[in-house]
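Visitor: Kindly return the folded structure for what I paste below:
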Amino acid sequence: MASTPVDTPSTPSLPSGLRRFLRHDQLDPSRAVSSNLISAKALLVVRLFITLHLVAVFVATLVVSARDKVFYMVPTTFTNLSNIGLTAYYLTATYHSQDYVRRKNLDSLTKQHWFMTSALWLLYASVVVFHIVVPAIYWGMLFDPNNTMDTLNQYVDYSHHGVDFACILFEMIFNRMNLLYIHVLGPICMIILYMFLAWVYFAARGEWLYGFLDWSKGGIAAAWYIGLLLIFGLLFIMQMFIHRGRDSLFAKRGAVVGAQDGTAALENISHGVKDEENNVSSMVPGDKQELPDKEEQSLQLQDLKEELHDDSPKSI
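Guide: Numbering: from 1, shown residues only. Coordinates of the predicted model:
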């Protein structure tokens, strides 16, 4: 009887390696839709209100830019891009919140591609840093009190450089998102990409979006580039410990809220799934392919072979 060929496990693919690198299995999806202080439904309501505001600001930005014939600034200035990122975060978080409130499960987070969930954490890590820096630089360095603006311009300007901080402050206090060291890649990679964009803008238009990025200033410009990266990195570390302190401070209240709205149970389930995945991933490659059912079938097949061999005619 011919033996059935056994498939040999292949070398781990890039996505699985990237998944381990981004510490995806250390994420708790229930944190994206729950709060230590308010119910998941209340979190959804506030997120929806803020999302509507951010979408309105984005539309107003398009209108003002088109009217003033500076539409090219929408995809080029750091202020606009960071607010687009903030809007994208709120749209995504609100979608997952409504899905949890409606279905009482985490399917929208756990059944999508794993990278989408990790990307949400990276995006969050970026916006909680950017929307501290943007208002600080604007009011500290770029604000011109002599600049006159109409009502619509004022709405956009103050929303981009003040209300944005209030929006992210709400998330910092009321959500349960956590930050891992690896998530520093979010703000750092995005600011590096923006520096390249600023160079492309200068090459195309012959002017700098922000004067402190002008590399003709030599050492001063180099200090700004390095300083900005250090500032973003340090702010991320600060935010990581702020989030840990928040969870520690509100731990008792969070346990009560989680028990009331069901997120605590889902947190336990998600941890159980992670433990099971970690057990599987710790097996040697050959064992990973042989599940108990297949192993049992293999033993049964071996027993059958032995029985057939015993029943075959013996030579004299």
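Visitor: Least confident secondary structure element in this structure?
Guide: helix 285-289 (a mean of 44; mean pLDDT, DSSP states H and E).
Visitor: where do the helices sit along the chain?
Guide: 14-21, 40-67, 78-103, 107-110, 114-137, 151-158, 164-174, 185-205, 219-249, 251-261, 263-281, 285-289, 292-311 (DSSP state H).
Visitor: Deepest-packed of the ones you listed, please.
Guide: helix 114-137 (a mean of 21; mean count of other C-beta atoms under 10 Å). Yep, even glycine has a C-beta here, placed from its N, CA and C like the rest.
Visitor: Now do it: which elements does it pack against?
Guide: helix 14-21, helix 78-103, helix 164-174, helix 185-205, helix 219-249 (3 or more C-beta pairs under 8 Å, 6 or more residues apart in numbering; DSSP states H and E).
Visitor: wouldn't Gly254 be in contact with Phe174 here?
Guide: No. Counting by C-beta atoms under 8 Å, Gly254 does not reach Phe174; the two are 11.0 Å apart.
Visitor: if you average pLDDT over each of the helices and strands packed on helix 114-137, which comes out lowest?
Guide: Ranked by mean pLDDT, the helices and strands packed on helix 114-137 bottom out at helix 14-21, which scores a mean of 81.
Visitor: other SSEs contacting it?
Guide: helix 114-137.
Visitor: got the CA coordinates for the helix it packs on in PDB?
Guide: Taking Å, rounded to 0.1, in the frame of the first residue of the first chain, the C-alpha atoms of helix 114-137 are listed here in PDB:
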ATOM      1  CA  TRP A 114      -4.500  41.500  11.000                       C
ATOM      2  CA  PHE A 115      -2.500  44.400   9.500                       C
ATOM      3  CA  MET A 116      -5.600  46.600   9.500                       C
ATOM      4  CA  THR A 117      -5.900  46.300  13.300                       C
ATOM      5  CA  SER A 118      -2.200  46.900  13.800                       C
ATOM      6  CA  ALA A 119      -2.500  49.900  11.500                       C
ATOM      7  CA  LEU A 120      -5.200  51.400  13.700                       C
ATOM      8  CA  TRP A 121      -2.800  51.300  16.600                       C
ATOM      9  CA  LEU A 122       0.000  52.900  14.600                       C
ATOM     10  CA  LEU A 123      -2.400  55.600  13.400                       C
ATOM     11  CA  TYR A 124      -3.500  56.200  17.000                       C
ATOM     12  CA  ALA A 125       0.100  56.400  18.100                       C
ATOM     13  CA  SER A 126       0.700  59.100  15.400                       C
ATOM     14  CA  VAL A 127      -2.300  61.300  16.100                       C
ATOM     15  CA  VAL A 128      -1.800  61.400  19.900                       C
ATOM     16  CA  VAL A 129       1.700  62.800  19.200                       C
ATOM     17  CA  PHE A 130       1.000  65.000  16.200                       C
ATOM     18  CA  HIS A 131      -1.900  66.900  17.800                       C
ATOM     19  CA  ILE A 132       0.300  68.000  20.700                       C
ATOM     20  CA  VAL A 133       3.000  69.200  18.300                       C
ATOM     21  CA  VAL A 134       0.700  70.900  15.700                       C
ATOM     22  CA  PRO A 135      -1.000  73.400  18.200                       C
ATOM     23  CA  ALA A 136       2.300  74.000  20.000                       C
ATOM     24  CA  ILE A 137       4.200  74.900  16.800                       C
END
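Visitor: pLDDT score for the residue nearest to Phe143 when sequence neighbours are not counted?
Guide: Excluding the flanking residues, the one nearest Phe143 by C-beta to C-beta, 6 or more residues apart in numbering is His161, at 7.9 Å. Note for His161: predicted pLDDT of 93.
Visitor: was I right about His161 contacting Tyr138?
Guide: Yes. The pair formed by His161 and Tyr138 meets the contact definition of C-beta under 8 Å, at 4.2 Å.
Visitor: one step back: looking at the helices and strands packed on helix 114-137, spot the one closest to Leu27.
Guide: Closest to Leu27 of the helices and strands packed on helix 114-137 is helix 14-21 (C-beta to C-beta; 10.5 Å).
Visitor: so who does the nearest residue to Thr61 once chain neighbours are set aside touch?
Guide: Closest residue to Thr61 apart from its sequence neighbours, by C-beta to C-beta, 6+ apart: Val156 at 5.4 Å. Contact analysis of Val156 by C-beta atoms under 8 Å, 6 or more residues apart in numbering lists 57, 60-61, 64.
Visitor: looking at it, Thr92 is touching Trp121, isn't it?
Guide: No. Counting by C-beta under 8 Å, Thr92 sits too far from Trp121 to count as a contact (10.9 Å).
Visitor: just checking, Leu54 touches Asn83?
Guide: Yes. The pair Leu54 / Asn83 is scored as a contact, 7.4 Å apart, by C-beta under 8 Å.
Visitor: Sounds good, over and out.
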